[in-house]
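J.: Give me coordinates for this.
(2 chains)
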Amino acid sequence: MHWYQWIASGAVAICLIVFATHFVRLIRLGSPKDYSKKAGSPAAGIVYSFTSAMDPRNKESAFLHLPIYTAGIIFHIATFASLITFFILLANFQPGPSFQIAAALIAFSGSLAGLIILIKRSLDKKLRWLSNPDDYISNLLVTIFQLFTGLTLLLPVLYPAYMLLAALLFLYMPVGKLKHIIYFFAARYHLGLFYGWRNVWPLRKA
Amino acid sequence: MEKITDDKIRAGLEVLKNLHDSKLLTQLNSCVHCGLCAESCLYYLTTKEAKMIPANKVDMVASIYRRYFTLTGKIAPGLVNARELNDKTIDELTDLLFGSCTMCGRCVKHCSIGVDIEYVIRTGREMLASMGYVPESLQATVDAALESGNNMAISDEDFLDTLEWMEEELQDELNDPKAVIPLNQHGKKVLYTLNPREPKFFPLSISAMAKIFHAAKESWTLSTKMYDITNYAYFSGNPEHSRIIAQRMYDEMQNLGAEKLVLAECGHGARANRWEGPNYIKKAFPETITSVELIAAYFKEGRLKADSNLTEGVVTLHDPCNLVRGGGIVHEQRYILKQVAKDFVEMTPHGTDNFCCGGGGGQLAMDYNDRRMQIAEIKAEQIRKTGAGIVVTPCHNCVDQLSQINYTYKLNVQIKTIAEIVADALILE
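T.: Coordinates of the predicted model:
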């Protein structure tokens, strides 16, 4: 392994250790104990929370803001695809040309979506008011990471810079809002549990 | 406002420090400030002020958590907007969490992440309560309940006089001296509760429900000791006060040995007793249902019959937030209205997407009246667009707010509870 791969690997390890402590803490704290008489199915509520409740037709945050919501979906899909690609490249696997082109296209789409989200955050008065430096840094780091994932697949000469950039991203991830990679799932779990217990979810149309 | 002290700061932070489970930790770390919740909030929609975005209200609480309980917040507070708990923060927290949120939970359903925003608001209110910053008028409502047994401090004498009067009205209407409002009777099937607004301002809703019980031949009773369904400590954020009030209801239930507790038409009261009450006292309540569920069951069982021709005009329904989003009761009220009204139209949106009337979250007990009527514009327009002449809502708190909306926005509609519209359409055998 080259020195830049060691640095990237070290950053990944630090990130995983910190995230593991968050995860273990959540597990140890456990779910809330509810003394009220159960009216519905918490399990069905949790399943609904991760499925139909996420349906864009059921969420104003999606159907009232379809362009930016779509950008957000592309951004997140591309983030996961870029992370997978990063690990493939870190392990020195040589993916085939079709994978390289597909992965690069996804990564570029993601970085474009990330840029759109960043521009919106910068220009929209209410979003600017709501944002802190971490919001911009997190968005920018992931956008550049995606861009470099795509570029490195096409231009291997960028590999060392890509590894260093990835190291920076992994070291930053536990610092700010990128922690939602864990807490998003916990939030949806809790919401499903809460509404499932009360028989609010799965939703029955009025 | 009283200046903050070290002791107060300690008390406020204690609320964030004492994690009973993973829920609070999750909520405080989940929001990504996408701002897409803005349009789900009636405060933002009517004021267009960025500070009203639900995500900002969450961030007010989360920023304090970050400042005192995360490494980043301690080392680089500016990076993640980690805020000190000081007088300025307290002012903003009070205005946003008490004065700018009805805890309707609409933003929760539509949050892109799934943050339980209402839960965070309630936690923030608990912090403020632990530091002694509950708005005076809201605290006075809680104190009245703690001291007198009901939030309007109605004396026993006045309460009994009102019930006696309503019983006479009922007997006159039915021409039946056996039609009664039973008090403090042991071993009945149903222990019924009231919102103190009923004996104080809307006594006819008591006789309406008594008429329904009479028609359904129900075995029921009211308690004169503990009839108040409300628990305003749920809104003030004081867990000990919440517990005392919930415990009283539980104790009276045990004392009278009723089979089931039936909750009057009150959104937050239903929530506070059906769902939150057992958690306040760490004990399951006996069977507890809302009167809406009970009336729907009477119709389904054939114990009630109604003539929908007796209801004239277009009827619409306002869904109380705590009943639909907070309690999953969506279909029962619609089923009832279809029995008693020929021309029923839904508001847009309705059900779990319905907008709050603006009176929830303790707003009717606090001094943010101009703002409360400003946000009510959305409800006023919803009602106007239905063309209805009667607005039905299974919540006395909503009745109060809707009555004020009716006057302010010149809607010229009648506001009724479910019991009232059912009682007017009953066929008595």
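
J.: Pull the contacting residues for the residue lying farthest from the centre of chain A.
T.: When distances are taken from the C-alpha mean of chain A, residue A:37 lies farthest, 35.7 Å away, according to Cα atoms, centre = their mean. Contacts here follow Cβ atoms under 8 Å, 6 or more residues apart in numbering or on different chains; on that basis residue A:37 touches B:278, B:284, B:285, B:287, B:288. C-beta coordinates here come from the backbone N, C-alpha and C atoms, glycine included.

J.: Near chain A, which residues of the stretch 101-250 of chain B are found?
T.: B:108, B:109, B:110, B:111, B:112, B:113, B:114, B:115, B:116 (Cβ under 8 Å from any Cβ of the partner chain).

J.: Show the model's pLDDT score for the fourth one.
T.: What the model reports for residue B:111 is a pLDDT of 97.

J.: Which parts of the stretch 251-400 of chain B are helices?
T.: B:267-270, B:277-281, B:291-301, B:321-324, B:332-340, B:369-375, B:377-386, B:396-408 (DSSP state H, counting those that start in this stretch).

J.: Return the most buried member of those helices.
T.: helix B:267-270 (a mean of 30; mean count of other Cβ atoms under 10 Å in any protein chain shown).

J.: Please state the offset of it from the chain centre?
T.: Put simply, helix B:267-270 sits 4 Å off its chain's centre (Cα atoms, centre = their mean, to the nearest Å).

J.: swap in stretch B:87-104?
T.: For stretch B:87-104, the distance to the chain centre is 19 Å (Cα atoms, centre = their mean).

J.: How far does that stretch stretch from one end to the other?
T.: 27 Å (Cα to Cα, to the nearest Å).

J.: so the residue farthest from the centre of chain A, which of the three states?
T.: Following DSSP: H, G, I helix; E, B strand; the rest coil, residue A:37 is assigned to coil.

J.: mind listing what residue B:347 touches?
T.: Here residue B:347 is in contact with B:316, B:317, B:318, B:354, B:382, B:383, B:385, B:386 (criterion: Cβ under 8 Å, 6+ apart).

J.: Relative to residue B:297, which of the residues you listed is nearest.
T.: Residue B:297 has its nearest neighbour among these in residue B:317, at 18.6 Å by Cβ to Cβ.

J.: The helix or strand harbouring residue A:112 - what's its average pLDDT?
T.: Taking DSSP states H and E as the definition, residue A:112 sits inside helix A:97-123. Taken as a whole, helix A:97-123 carries a mean pLDDT of 97.

J.: Please identify the buried residues of that helix?
T.: Using 16 or more other Cβ atoms under 10 Å in any protein chain shown as the test for burial, helix A:97-123 gives A:100, A:103-104, A:106-118, A:120-121.

J.: and what of stretch B:404-424?
T.: B:404-406, B:409, B:411, B:413-424.

J.: Only alpha carbons, please: show it as CSV.
T.: Presented in CSV, the C-alpha positions along stretch B:404-424 are these (Å, rounded to 0.1, in the frame of the first residue of the first chain):
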residue,chain,number,x,y,z
GLN,B,404,-62.7,33.1,17.6
ILE,B,405,-61.7,32.3,14.0
ASN,B,406,-65.4,32.5,13.0
TYR,B,407,-65.7,35.9,14.5
THR,B,408,-62.3,37.3,13.3
TYR,B,409,-62.5,36.1,9.8
LYS,B,410,-66.3,36.6,9.5
LEU,B,411,-67.0,33.0,8.4
ASN,B,412,-70.6,32.9,9.7
VAL,B,413,-70.6,29.2,10.5
GLN,B,414,-71.8,27.2,13.4
ILE,B,415,-69.2,25.3,15.5
LYS,B,416,-70.4,22.1,17.0
THR,B,417,-68.9,19.1,18.8
ILE,B,418,-69.6,15.5,17.6
ALA,B,419,-71.9,15.0,20.6
GLU,B,420,-73.9,18.1,19.8
ILE,B,421,-74.5,17.3,16.2
VAL,B,422,-75.4,13.7,17.1
ALA,B,423,-77.7,14.7,19.9
ASP,B,424,-79.6,17.0,17.5
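
J.: Adding distance to chain A, write the contacts of residue B:347 out as a markdown table.
T.: Listed next are these as a markdown table, based on distance: Cβ to the nearest Cβ, whole Å:
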| residue | distance to chain A |
| --- | --- |
| B:316 | 13 |
| B:317 | 9 |
| B:318 | 12 |
| B:354 | 8 |
| B:382 | 14 |
| B:383 | 17 |
| B:385 | 17 |
| B:386 | 14 |
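
J.: between those residues, which is closest to residue B:196?
T.: residue B:318 (20.7 Å).

J.: ok, the closest one touching residue B:393?
T.: Yes: between residue B:318 and residue B:393 there is a contact at 4.1 Å, judged by Cβ atoms under 8 Å.

J.: okay, and the common contacts of those two?
T.: Applying Cβ under 8 Å, 6+ apart, one finds that residue B:318 and residue B:393 are jointly contacted by B:357, B:402.

J.: elements contacting the helix or strand where residue A:20 lies?
T.: Taking DSSP H and E as the definition, residue A:20 sits inside helix A:3-29. Judged by 3 or more Cβ pairs under 8 Å, 6 or more residues apart in numbering or on different chains; DSSP states H and E, helix A:3-29 is in contact with helix A:66-90, helix A:159-172, helix A:180-197, helix B:22-28.

J.: could you point out which element follows it?
T.: helix A:42-50.

J.: Need the contact partners of that following helix.
T.: By Cβ under 8 Å, 6+ apart, helix A:42-50 touches A:188-189, A:191-197, A:200-203, B:114.

J.: low-confidence ranges in chain A?
T.: Scanning chain A for pLDDT under 70 picks out the ranges A:205-206.

J.: and the angle from the helix holding residue A:112 to helix A:66-90?
T.: Inter-element angle recorded for helix A:97-123 and helix A:66-90: 130 degrees (by axes from the mean of the first three to the mean of the last three Cα atoms, to 10 degrees).

J.: After helix A:97-123, heading C-terminal, what element do we hit next?
T.: Scanning forward in sequence from helix A:97-123 by DSSP H and E, the next helix or strand is helix A:125-130.

J.: What helices and strands are in contact with the next helix or strand after that next one?
T.: Proceeding N to C from helix A:125-130, the next assigned helix or strand is helix A:133-154, under DSSP H and E. With contacts taken as 3+ Cβ pairs under 8 Å, 6+ apart, helix A:133-154 sits against helix A:66-90, helix A:97-123, helix A:159-172.

J.: Ok, which of those helices comes nearest residue B:237?
T.: Taking the helices and strands packed on helix A:133-154 one by one with Cβ to Cβ, helix A:97-123 is closest: 32.3 Å.

J.: Which strands and helices lie in contact with the closest one?
T.: Packed next to helix A:97-123, using 3+ Cβ pairs under 8 Å, 6+ apart, are helix A:66-90, helix A:125-130, helix A:133-154.

J.: Do I have it right that residue A:35 meets residue B:276?
T.: No: using Cβ under 8 Å, residue A:35 is not in contact with residue B:276, being 9.7 Å away.

J.: Neighbour count: the two, which is higher?
T.: More crowded of residue A:35 and residue B:276, by other Cβ atoms under 10 Å in any protein chain shown: residue B:276, with 22 against 15.

J.: I figured the more buried one hits residue B:235, correct?
T.: No: between residue B:276 and residue B:235 there is no contact under Cβ under 8 Å: 11.0 Å.

J.: Distance check, residue B:126 against residue A:120.
T.: According to Cβ to Cβ, to the nearest Å, residue B:126 and residue A:120 sit 34 Å apart.
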